Each structure stands twice: as structure tokens, then as C-alpha cells.
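Trainee: whatever this is, show me its structure:
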Amino acid sequence: MTATFVILLAVPLVAALACLWSPVRACQAVTIAAGVASFAAVCVLVPAAAHHDVTLGRYVRADAISVVFLLATSFLYAVVAAYSVGYFAGDASSADFGRYARRFYAGLNLFAWSMLVAPLMSSLALLWIAIEVTTVISALLVAIEDTDRAVEAAWKYVLIASAGLGLALLATIFMYAAGAHVLGQSYDLTFAELLRAGPHLPRTVVRLAYGLAVLGFGTKVGLFPVHTWLPDAHAEAPTPVSALLSGSLLAVSFYAILRYYQVSVAALGPRFPQGILLAFGIASLLLAALYLFNQGDVKRLLAYSSVEHMGILAIGVSFGAPIALAGVLLHVLAHAAAKGNAFMGAGVLVRKYQTKRIARIDGGLDLLPWSGPLLLTAVLALSAMPPFGIFRSEFQIVAGGFAAPRNVAAAVLIVAITVAFLGLSLSANRMLLNSHAKRLPRGEPSAWMVVPVVAGVAALVLLGVHPPAHLTELLVRGAAELRGVR
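Mentor: You can find the predicted model right below:
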């Protein structure tokens, strides 16, 4: 497994450095190769992590939970790398494109590298550092278009995320203090040590650390009320970056919350950690469901859909039932594929119509023979329609809610998801199903913008109909780890 870890830790970083000085076509080829290699390396980890932890030294560790998040990131890395070739095809003739493309591909590889590194860190301190790195790199990518709105969105993101990560750093300090009571001053905040010491940790300090972690890392997740950076950043970033932000960055930040959740359950029992996640999750879900009715920008619409799905993840963990926790981990994968598809489809619309305004986009199914139906498929997948993976994951989460039993919360979840579906489908109807009024040529901007979305649809169907056996074992083991069963 050493070679697998080397690929994940080194290949995207080497690709980023190579892109700083290479021609554009070489940057594109290197980025695609790095994305595919990373995804293949994570797939190699799946069978092993489904049965035992895999380590490299003391500070690099992959268990079932971390591999789920690595799968989501590496899959998006691969498809977005291919999609970006078509996304920038129309800009290749501009005078400054070469310099812009080199910065973009270097940043994209660095961004993916940081999100692959974070779930591999075995220490809460190293995890915080890795997520701080994701903030710096993603903020630069949000501002890469160098427009006033993009720079404003990047600054807003940096200010709010930095405040949140300041709270998360404080959570890390408090958790270190809690562990020091049992493990001594020289321990290094590794998950394994904290989980073993869990029953003996001071309960008040752990409560404080967990609350700060949920609020701090929740800023990066996009949980209400610290979500306000998210719609602006997603709307102004280049579409390939938006796909990674929504499908991967938010999930990796949620991964950090799960690590604190594990320690808190070991120290406090499940009631307190689950109660906090339930409150944040319901507030986020209800806010997003209502905001989906009043969006004029297609990328902001999808950004609020991301807030909705992060709320679903939080609620699912709060249920605590094994089927709900397995559903949460499956939802991480399915949401990454569906939201990546949705943003990539929206990017095709933006390229075709030269606008992000929903009111100015119509007849998408007619003008885009591939991307139109594929975007509609992504919207249906995000709305939990069968046979896609989100239907399966949300069904498991709701079933876990009734099994917990948390009947009221499960009922609220069902109602809010239905409201969100109505808001999302109304906007999709305006863009795709209305008759076309503009005189634009029929056809796709680029085949490179279609093939990655087809791959995403295949992944969604696979997750919804029959996940591979090793993946199912991985999800079951991950759910057991979240429950404190090793």
C-alpha cells in the first residue's frame, strides 16, 4: 500500500508543479493523468480499508470513513480535470490564456491534493492544518477570474472561513487539553489515542471542543448560520472549481466534524453530539429548501442545494442508527457525483447562453442534445429520484430516523426534501423545458464537457442500483466506526 499512499500524496503535487511551466495541452494531459491515477489509487484502498486500517508511518492513516471521502474527492478530481479541457476550449485564442491556464491547472491540482491529504491525516492537529490549506488554495481559485465580484466573493470566503477555522483551532486546543489529562502532555492528538482514552476524558472540555468544532468546521461545510460565503464563492468561481467546492470541499470539512463526533461519542455518549448536529442540520435544510425558490443565478441555485445536502448529512449522523450512518457515507459519494454533474451541466448552459441568469436561459433540452438531458438527470438525482444513489442514501437515512426513533425529525426531513425538490425542479423547468426563444445554434460546446457527466451518471446509477460488494463492506465498516464499534 506504500505506492498507493505515494500516489495520493505526491502525484497531484508534482502535477501542480509541472503545470506552472508547461504548455497548456501538457497541463491538461498531466492534470487528467493525475486525477485518474488518484482515483485508481483510492479504488485500490477500498478492499483493504473495508476490513482494517491502512497506515504509512505514524501520521498517515486510512480507515473506512476516510476512504469514503477520498473516493468522492478523487472521482471528482478525475472528471473535472477532463471537463475543464472543454470548458476552456473557447478561451484558447485569447492572448493571456496560456498564463491563466497554467495558474488554473496548477491551482486545481493543488486544491485536489489538499483535499486528498486531509482525510489521510491521523491527527486532529494535522487535519486542521490540511483544511486550512484547502481554504487558501480554494480562495485563490475563486478569485482567479479577477473580476470585482470574484474578488469580493473570495475575500468574503476568506474572512468567514478564517473566523470559522479560528474556532476550529480553539476546538483542537481544547481537545488537546482534554487528552492531556489522560495521555500526558507529549501525545500528538491522534484519533486512535483519543478514542481509546475517550471514556476517561473530561466531559466538560470535550463538550466545549465538540461545539466549537461543529461551529468552526461547519463554516466550511456551509451549515446555517455560517453558510453565507458559500453561494457567492460557488457562483463566481470557474465551474470546474465550483464542482470541487460543492462535491468535495464541503464533504472534507464535514469529515473533520465526524472525527470530533467519534471522540465525543466515546467520551460523552451519543446524545449530546447527535443533538448538536440535529439542530444545525435541520436549520440548514430548512433554510436551503426555502432559498431554492428564489434564486436567479443557476450556480447560486446549486450552491443552496449543497447547503441542503450538508444539512441532510448532519441530520443523518444525528439519527445514529447503523442504516442511517451507512446512508450518510453513501450520500457523500452520491452527492459528489450528482453535484459535480449539476455544476458541469450548468457550466455548459453558461457557455452556451453566455449568462448565469436563469430567466435568460430556455430551451436547454432542445439546444443541447446531450447536456440538456444530462443536466435534467442531475437535477432528478439531487432530488432523490430512483434509480440514482441519492434516492438510496436518503431512503436509508430516513429509515434510520424512524428506527432511532426520531420520528419528528425524520418527518421534517421528508417535508423539507420535498420542498427543496419543488424549488430545484421549477428552475430546471424554466431552463430546460420551456420553448426556446433565442436564435442559437443547436449542439454541444465540446465533447469534453459531455463525457465526464456521462461518467457521473454511470456512478450514480451504480450507487443506486447495486453498489460493488467491497464498497458496501466499506460503508458498513464506516458506519460501525461512527458508532464506536471497531
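Trainee: for His470, list the residues it contacts.
Mentor: Under the criterion of CB atoms under 8 Å, 6 or more residues apart in numbering, the neighbours of His470 are Val46, Pro47, Ala50. C-beta: built from backbone N, CA, C; applies to glycine.
Trainee: do Asp232 as well
Mentor: Counting by CB under 8 Å, 6+ apart, Asp232 touches Arg149, Glu152, Ala153, Lys156, Tyr157, Arg300.
Trainee: the third one sits in which helix or strand?
Mentor: In this case it means Ala153. In this structure, Ala153 sits in helix 148-183 according to DSSP states H and E.
Trainee: any buried residues in that helix, and which?
Mentor: Neighbour counts over helix 148-183 (16 or more other CB atoms under 10 Å) mark 150, 153-154, 156-158, 160-161, 164-165, 167-172, 174-180, 182-183 as buried.
Trainee: where do the strands of this structure begin and end?
Mentor: Using DSSP state E, the strands of the chain run over residues 54-56, 60-62.
Trainee: including distance to Gln354, could these go into a markdown table?
Mentor: Converted to a markdown table, these look like this (distance: least, CB to CB, whole Å):
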| stretch | distance to Gln354 |
| --- | --- |
| strand 54-56 | 47 |
| strand 60-62 | 44 |
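Trainee: distance to Leu127 and mean neighbour count for these - can I get that in JSON lines?
Mentor: Shown next, in JSON lines, are the strands of the chain (distance: least, CB to CB, whole Å; neighbours: other CB atoms under 10 Å):
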{"stretch": "strand 54-56", "distance to Leu127": "15", "mean neighbour count": "18"}
{"stretch": "strand 60-62", "distance to Leu127": "11", "mean neighbour count": "21"}
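Trainee: nearest to Tyr210, of those strands?
Mentor: Comparing those against Tyr210 with CB to CB, the closest turns out to be strand 60-62 (21.2 Å).
Trainee: out of the contacts of Asp232, which comes closest to Ile137?
Mentor: Closest to Ile137, out of all of the contacts of Asp232 and judged by CB to CB, is Tyr157, at 11.8 Å.
Trainee: check contacts around Val11.
Mentor: Neighbouring residues of Val11 by CB under 8 Å, 6+ apart: Ala34, Ala37, Ser38, Ala41.
Trainee: can you lay out these as JSON lines showing distance to Val317, neighbour count and pLDDT?
Mentor: Formatted as JSON lines, the contacts of Val11 follow (distance: CB to CB, whole Å; neighbours: other CB atoms under 10 Å; pLDDT from 0 to 100):
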{"residue": "Ala34", "distance to Val317": "32", "neighbour count": "28", "pLDDT": "97"}
{"residue": "Ala37", "distance to Val317": "32", "neighbour count": "18", "pLDDT": "97"}
{"residue": "Ser38", "distance to Val317": "27", "neighbour count": "27", "pLDDT": "97"}
{"residue": "Ala41", "distance to Val317": "27", "neighbour count": "21", "pLDDT": "96"}
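Trainee: and Val79, what pLDDT?
Mentor: Val79 carries a pLDDT score of 97 in this model.
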